[in-house]
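> structure for the following, please:
(one chain, ligands or ions: 1)
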Amino acid sequence: MSRRYDMDRRAYIKTIGAGGAVAAFAGCTTDDSSSSNEEIVPGTASGFPPFELTRDGELVGFDIELAEAVIDEAGYDHAEWTDIEFASLIPSLSQSEDIDMIAAAMTITDERAEQIAFTDPYYEANQAILVRAGGSIQPEEQEDLSGVEIGVQSGTTGENLAEGLIEDGIISGNNLSVYDNYTLAVEDLTSELIGAIVIDTPVARDFESNRDVAVAFTIPTGEQYGFGMRQDDDRIEDINDALATVRENGTYEEIANEWDVL
Ligand code: GLN
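Predicted coordinates:
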């Protein structure tokens, strides 16, 4: 795959992604307009199963149900979900204020915490290397990725890890394709346009069960997911209290079991 081809493809993906960014999903919300409670507008980036995905046109997943349960428990109403690209979530929350809360399997990082506030952690994950099931590319460790075309989703910790592979001289910049969405990367993996994907472990396992792909090996990164809120939004205290309550009262476990993420 030539550099030029990569760049063209990336531009193509960007165009698709930008069109998708305006979509907001109303299907799954139970927005109660008769209530006088203050509203929280949640935002996510679907295509990251089982945390957020669309099924029959409806936005569903572990994050969606957990965030709604936590918002309800905190005494707020959840407005319709805004479904945009992952890399647009932080600007939408902290700059344009189109959303009030990010629920997108977002890892708590120091860099992000400079721009937004994170709730207490609600899930732990590592990174995985995803390849074609039974294919010729079967790396066992990071050094084996030398010369392999790698795909990641823009703005993720997986992208950071891939940048590290470039810095360490394991792959070259030409070997890295950055997608707006991991689902597009998985499509390019199965159609042999790229050789491997760096992605969060639980999502890699989900793709492994549903597509012709397999986890080659995992990289322990010890990431913790948190919901994102604006730094000046005091409601984060209520959300943290509600998160603790749903963990204690079994709601968390019920939702986690439903989405098979325990
Ligand atoms: N947990 C990863 C991150 O925060 C990936 C999240 C995602 O792609 N939704 O960067």
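
> what are the ranges of the helices in the stretch 101-250 of the chain?
Secondary structure of the stretch 101-250 of the chain, counting by DSSP state H, counting those that start in this stretch: helices at 110-113, 157-167, 182-190, 201-210, 236-248.

> what's in contact with the fourth one?
Pointing back at helix 201-210 there. 48-51, 105, 123, 125-128, 130, 133, 182, 186, 197, 199, 213-215, 218, 261 (Cβ atoms under 8 Å, 6 or more residues apart in numbering). No exception for glycine: its C-beta is placed from N, CA and C like everyone else's.

> cool, and the first one?
Residues outside helix 110-113 that contact it (Cβ under 8 Å, 6+ apart) are Ile90, Met106, Phe118, Gly228.

> and for the longest one?
Contact partners of helix 236-248, identified using Cβ under 8 Å, 6+ apart, comprise 66, 69-76, 101, 117, 119-120, 122, 227, 229, 252.

> partners of the single nearest residue of the stretch 1-150 of the chain relative to the ligand in the sheet?
As assessed by Cβ to the nearest ligand atom, the ligand sits closest to Thr107 within the stretch 1-150 of the chain, at 3.5 Å. Thr107 has these beta-bridge partners by DSSP bridges: Tyr225.

> can you give me the buried ones in stretch 42-59?
42-54, 59 (16 or more other Cβ atoms under 10 Å).

> I'd like these laid out as a markdown table, including pLDDT and secondary structure.
Formatted as a markdown table, these follow (pLDDT from 0 to 100; DSSP: H, G, I helix; E, B strand; the rest coil):
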| residue | pLDDT | secondary structure |
| --- | --- | --- |
| Pro42 | 98 | strand |
| Gly43 | 98 | strand |
| Thr44 | 98 | strand |
| Ala45 | 98 | coil |
| Ser46 | 98 | coil |
| Gly47 | 97 | coil |
| Phe48 | 98 | strand |
| Pro49 | 98 | coil |
| Pro50 | 98 | coil |
| Phe51 | 98 | coil |
| Glu52 | 98 | strand |
| Leu53 | 98 | strand |
| Thr54 | 97 | strand |
| Leu59 | 98 | strand |
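
> and those residues near the ligand, which?
For the ligand, the contacts drawn from those by Cβ under 6 Å from any ligand atom are Ala45, Phe48.

> just the buried members of the contacts of helix 236-248?
66, 69-74, 76, 101, 117, 119, 122, 227, 229, 252.

> Ser92 touches Asp100, doesn't it?
No: between Ser92 and Asp100 there is no contact under Cβ atoms under 8 Å: 9.8 Å.
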